[in-house]
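Novice: How does the following fold in three dimensions:
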Amino acid sequence: MTKRVAILGSTGSIGRQTLDVCDLLSLQVVALTAGTNVDRMEAQCRKYRPIYAVMAEESSAKELKLRLGDLPITVLCGDEGLIRVAEMDEADTVVTAVVGMLGLKPTLAAIRKKKRIALANKETLVCAGELVMAEAKKYGAEIIPVDSEHSAIFQCLMNSGKRSEILKLILTCSGGPFFGYSKDQLEMVTKEDALKHPNWKMGPKITIDCATLMNKGLEVIEAMRLYSVPVEQIQVVIHRQSNIHSMVEFCDGAVMAQMGTPDMRLPIQLALTYPNRLPSPAGQLDLYSMADMTFHRPDLDAFPALALALETAKVGGTACPVLNGANEAAVGLFLQKKIGFYDISDGVKAALDTIPVAQATDLETVLMADAKAREIVLKRYSS
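Specialist: As a prediction, the model looks like this:
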């Protein structure tokens, strides 16, 4: 079980909920990292007194350092700061809750120091899954997923026989705010509409990914890497109620499902306490008050982002970082109200159609594919 935690992305939704869990379990927080939210970071530092505090930009780091002048906290910035935190001897677990490719380098650094990785940064496995899993095996590092769906699969597989007995991984999906919408209706949706997730409270980027269903496509690729399962053995099912977080079907026809309230503190806590289970701040599931459980096929015509992700999963290689990088760039533009809803998937398709696929066996190749994809999307919508 975890005793000392470094949290990458402590001011975001997952990071703040991780701190809630640390409070409950009386875990020591030895490092915190953030983007540019100096106010929230200062408050967290004054409460938890970490050894290191890292900001994404130098200007934010300088401001934080001035504010924390009365405390013995070392303030760092950028990639170098993230890697320092990921490697620090004082942490036995690194929670990677940063958004996007920013999490890749520090995750690899933590793996090489044989840390437990509580992984909430799906881009790490989407873009460089083969490399990351090979490094984890080489160094003996634990990777325990924090995403609710992958935590559910992880729990279904705990003491459940051989991986060769898996017939199918079933990833559930709420369907986001636009379930049942036609293509004509989706042409008209706004940023504000897309940020209204029906069940979960998350950051803006992942919430938009849920609205396009790209999030589920990224999770399919992530599941392939985590569990060494081909895409043909992974199924996406729309489950509006979000009470079943995912399922595993075995070769004998048995299906195991993990259920619980839609509260991210449950999978976060398990990642920190595994192989033990402890009382959680997440509420108990009341079966009597649950609505009828429904299951639907995703509409790949109305939600082409998911279709693109599923095809990319089959192709593999650098197509995966291209998919992710193009999507990140397009979602950023959508959040700035510079492009429309379907421009997101159109931009991703343009990048996939333009950039040749190569093997993603080293970090430099992955990062180059990611950068090219972003460039194509930004140029496409620069006018």
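Novice: What residue spans form the domains of this structure?
Specialist: In terms of domains, the chain is parsed into 4-145, 151-262+282-315 (source: automatic domain parsing).
Novice: which of those domains sits most buried?
Specialist: domain 4-145 (a mean of 21; mean count of other C-beta atoms under 10 Å). (Each C-beta comes from the backbone N, C-alpha and C, glycine too.)
Novice: Residue 269: which of the domains of the chain is closest?
Specialist: Closest approach to residue 269 among the domains of the chain (C-beta to C-beta): domain 4-145, 4.8 Å.
Novice: ok, which stretches of the chain are strands?
Specialist: 4-8, 28-34, 52-55, 74-77, 93-96, 116-119, 142-145, 166-173, 234-238, 244-250, 255-259 (DSSP state E).
Novice: Tell me how far the nearest residue to residue 146 once chain neighbours are set aside lies from residue 203.
Specialist: Leaving aside its sequence neighbours, residue 146 sits nearest to residue 120 (C-beta to C-beta, 6 or more residues apart in numbering; 3.9 Å). Distance, residue 120 to residue 203, using C-beta to C-beta, to the nearest Å: 11 Å.
Novice: and for these two, which residues touch both?
Specialist: residue 14 (C-beta atoms under 8 Å, 6 or more residues apart in numbering).
Novice: which stretches of the stretch 151-300 of the chain have low pLDDT?
Specialist: By pLDDT under 70, the weakly predicted segments of the stretch 151-300 of the chain are 161, 200-201.
Novice: If we use 90, what do you get?
Specialist: Counting by pLDDT under 90, the stretch 151-300 of the chain contains low-confidence residues at 159-164, 196-203, 206, 241-243, 261-262, 280-292.
Novice: Okay, helices next: where are they in the stretch 251-383 of the chain?
Specialist: 265-273, 304-315, 319-335, 341-354, 363-380 (DSSP state H, counting those that start in this stretch).
Novice: picking up where we left off before, take the domains of the chain and write them to a markdown table, including distance to residue 382.
Specialist: Converted to a markdown table, those look like this (distance: least, C-beta to C-beta, whole Å):
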| stretch | distance to residue 382 |
| --- | --- |
| domain 4-145 | 20 |
| domain 151-262+282-315 | 19 |
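Novice: and residue 324, which of these is closest to it?
Specialist: domain 4-145 (5.0 Å).
Novice: any idea of the mean pLDDT for the closest one?
Specialist: For domain 4-145, mean pLDDT is 96.
Novice: isn't residue 57 right up against residue 38?
Specialist: No - between residue 57 and residue 38 there is no contact under C-beta atoms under 8 Å: 10.0 Å.
Novice: and residue 167, what is it in contact with?
Specialist: Applying C-beta under 8 Å, 6+ apart to residue 167 gives the contacts 233, 249, 250, 251, 253.
Novice: Among those residues, which one sits closest to residue 286?
Specialist: Using C-beta to C-beta, those come closest to residue 286 at residue 249, 26.6 Å.
Novice: Grab the nearest non-local neighbour of the closest one.
Specialist: Of all residues not flanking residue 249 in the chain, residue 168 sits nearest, at 4.2 Å (C-beta to C-beta, 6+ apart).
Novice: That neighbour reaches residue 237, doesn't it?
Specialist: No - look at residue 168 against residue 237 with C-beta under 8 Å: they stay out of range, at 10.5 Å.
Novice: do you know how far residue 168 is from residue 254?
Specialist: 11 Å.
Novice: ok, now residue 243?
Specialist: Computed as C-beta to C-beta, the residue 243 to residue 254 distance reads 20 Å.
Novice: Please apply the same query to residue 306.
Specialist: Distance from residue 306 to residue 254, by C-beta to C-beta: 27 Å.
Novice: Could you do residue 379 as well?
Specialist: Counting by C-beta to C-beta, the gap from residue 379 to residue 254 is 50 Å.
Novice: go on, residue 351?
Specialist: Relative to residue 254, residue 351 is positioned 41 Å away (C-beta to C-beta).
Novice: Could you do residue 211 as well?
Specialist: From residue 211 across to residue 254, the span is 34 Å (C-beta to C-beta).
Novice: For this structure, list the residue farthest from the centre, please.
Specialist: Relative to the centre of the chain, and counting by C-alpha atoms, centre = their mean, the farthest-placed residue is residue 70 at 35.0 Å.
Novice: Tell me how far it lies from residue 236.
Specialist: Where residue 236 is concerned, residue 70 sits at a distance of 51 Å (C-beta to C-beta).
Novice: do the same with residue 213
Specialist: For residue 213, the distance to residue 236 - C-beta to C-beta - is 8 Å.
Novice: who touches both of the two?
Specialist: 173, 298, 306.
Novice: Do I have it right that the second one meets residue 236?
Specialist: Yes - counting by C-beta under 8 Å, residue 298 does reach residue 236; the two are 5.4 Å apart.
Novice: Can you check which residues contact both of those two?
Specialist: Joint contacts of residue 298 and residue 236 (C-beta under 8 Å, 6+ apart) are 173, 216, 306.
Novice: Return the residues in contact with the first one.
Specialist: In this structure, residue 173 makes contact with 213, 215, 216, 236, 237, 238, 239, 298, judged by C-beta under 8 Å, 6+ apart.
Novice: between the residues you listed, which is nearest residue 346?
Specialist: Using C-beta to C-beta, those come closest to residue 346 at residue 213, 14.9 Å.
Novice: What are the phi and psi values at that closest one?
Specialist: phi 70, psi 10 (degrees, to the nearest 10).
Novice: Between all of the contacts of residue 167, which two are separated the most?
Specialist: Taking C-beta to C-beta, the two most distant members of those are 233 and 253; they sit 14.7 Å apart.
Novice: Run a quick check on residue 222 versus residue 146, I expect a contact.
Specialist: No - counting by C-beta under 8 Å, residue 222 sits too far from residue 146 to count as a contact (11.3 Å).
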